[in-house]
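Asks: Got a predicted structure here, sequence first:
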Amino acid sequence: MLMIGTEFARMLHQKSLESLQKCFERSFELLDLSFNDPKVKAGKRELFALRTLLNDQLNRGLRRDEIERCYQYCLQFHKLPDSGRQ
């Protein structure tokens with residue numbers, strides 16, 4: 001989840017549309033890899049929700065505050081104990 005959060009942090013600092021697009025592509029790839037990893041048992045619902053939010057963000061247009069919220073979500077999710085994830 002931290003690697004996904006890192007991509008959101010990168011999005012906040014990109015100057016070119018091309019660089020921003022690459023961050024989105026990496027985010028989708030990391031989300032898909034995490035979701036499909038058999039070792040990841042907890043947090044699949046959150047990964048799917050984050051992917052849906054990212055897709056909506058891409059279709060509606062980018063808003064800095066929503067990207068920041070996604071970044072903060074990834075950080076907070078990472079801090080939860082494994083038992084708190086479902």
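Replies: All right, it came through fine.

Asks: going forward, measure contacts between C-alpha atoms and count neighbours the same way
Replies: Will do.

Asks: okay, now Gln76: neighbour count?
Replies: Gln76: 12 surrounding residues under other CA atoms under 10 Å.

Asks: how far is the host helix or strand of it from where the chain is centred?
Replies: Per DSSP states H and E: Gln76 is located in helix 64-79. In terms of CA atoms, centre = their mean, to the nearest Å, the centre of helix 64-79 is set 8 Å apart from its chain centre.

Asks: Mind giving me the packing neighbours of that helix?
Replies: Helices and strands touching helix 64-79, by 3 or more CA pairs under 8 Å, 6 or more residues apart in numbering; DSSP states H and E, are helix 2-12.

Asks: After the longest helix anywhere in the chain, which helix or strand is next?
Replies: Determined from DSSP state H, the single longest helix within the chain is helix 17-36. Next in sequence after helix 17-36, counting helices and strands by DSSP H and E, comes helix 44-60.

Asks: Distance-wise, check Leu17 relative to Lys41.
Replies: Separation of Leu17 from Lys41 (CA to CA, to the nearest Å) stands at 35 Å.

Asks: higher neighbour count, those two?
Replies: A direct count of neighbours by other CA under 10 Å for Leu17 and Lys41 places Lys41 higher, at 13 against 10.

Asks: Dihedrals phi and psi, that one?
Replies: Note on Lys41: backbone dihedrals following degrees, to the nearest 10 are phi -100, psi -40.

Asks: which ones are touching it?
Replies: Under the criterion of CA atoms under 8 Å, 6 or more residues apart in numbering, Lys41 has no neighbours.
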